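Undergrad: Return atomic coordinates for the entry below.
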Amino acid sequence: MLFKKYEDHFVFDFGMNRDVAKHILRTYGTTGHRVLLLGQQEGLNERLIEEKPFLKAEVIYAIRHEMAVKPNDVVCRRCPVSFVDTKAAEEILPKVVDIFAKELKWDNKRKEAELKEAI
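TA: Numbers count the residues shown, from 1 in each chain. Now for the predicted structure:
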């Protein structure tokens, strides 16, 4: 019952689609509220790729709260899209790298190196 209330909270209060709400709840439990709140504050509560429930907010949350230091930390471990769909993982990697670069103040050379390493 509690999980259904949180799922509804994510849908109605944060405007998430039901599949995203379920993913956030399964992945983060009640901490998902913090992920979505951070995403709302940063304007990152949008999908990394349309067909999957993974959010840009999860990337910034992983950097700030889960000690993610490389894009693969997110793509392979936090939002394990690389295990579900390798093509989708390749598609979202540049977006993940961009979020890392902005947050960690990487220059273009570092961005290119991180992207190359991740692929």
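Undergrad: and the worst-scoring helix or strand of the chain on mean pLDDT, C-alpha only, in CSV?
TA: Sorting the helices and strands of the chain by mean pLDDT, DSSP states H and E puts helix 81-84 at the bottom, at a mean of 76. Provided in CSV are the C-alpha atoms of helix 81-84 (Å, rounded to 0.1, in the frame of the first residue of the first chain):
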residue,chain,number,x,y,z
VAL,A,81,20.5,0.5,-19.2
SER,A,82,23.7,-1.1,-20.7
PHE,A,83,22.5,-4.5,-19.4
VAL,A,84,19.0,-3.9,-20.8
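Undergrad: let's number from 45 now, not from 1
TA: New numbering, starting at 45: the last item is helix 125-128.
Undergrad: Give the buried residues for that helix.
TA: Within helix 125-128, the residues that qualify as buried are 125-126, counting by 16 or more other C-beta atoms under 10 Å. (Each C-beta comes from the backbone N, C-alpha and C, glycine too.)
Undergrad: Which strands or helices does that helix pack on?
TA: Helices and strands touching helix 125-128, by 3 or more C-beta pairs under 8 Å, 6 or more residues apart in numbering; DSSP states H and E, are helix 130-148.
Undergrad: Need the contact partners of the helix it packs on.
TA: Defining contact as C-beta atoms under 8 Å, 6 or more residues apart in numbering, one finds that helix 130-148 is touched by 88, 92-93, 95-96, 98, 100, 103-104, 107-108, 114-115, 118-119, 125-126, 150, 154-155, 158-159, 162-163.
Undergrad: same question, stretch 69-85
TA: 46-47, 50-51, 53-54, 58, 60, 68, 88-89, 99-102, 104-105, 108-109, 123.
Undergrad: Swap in 10 Å and give it another go.
TA: 46-51, 53-54, 57-60, 64-65, 67-68, 88-90, 97-106, 108-109, 122-124 (C-beta atoms under 10 Å, 6 or more residues apart in numbering).
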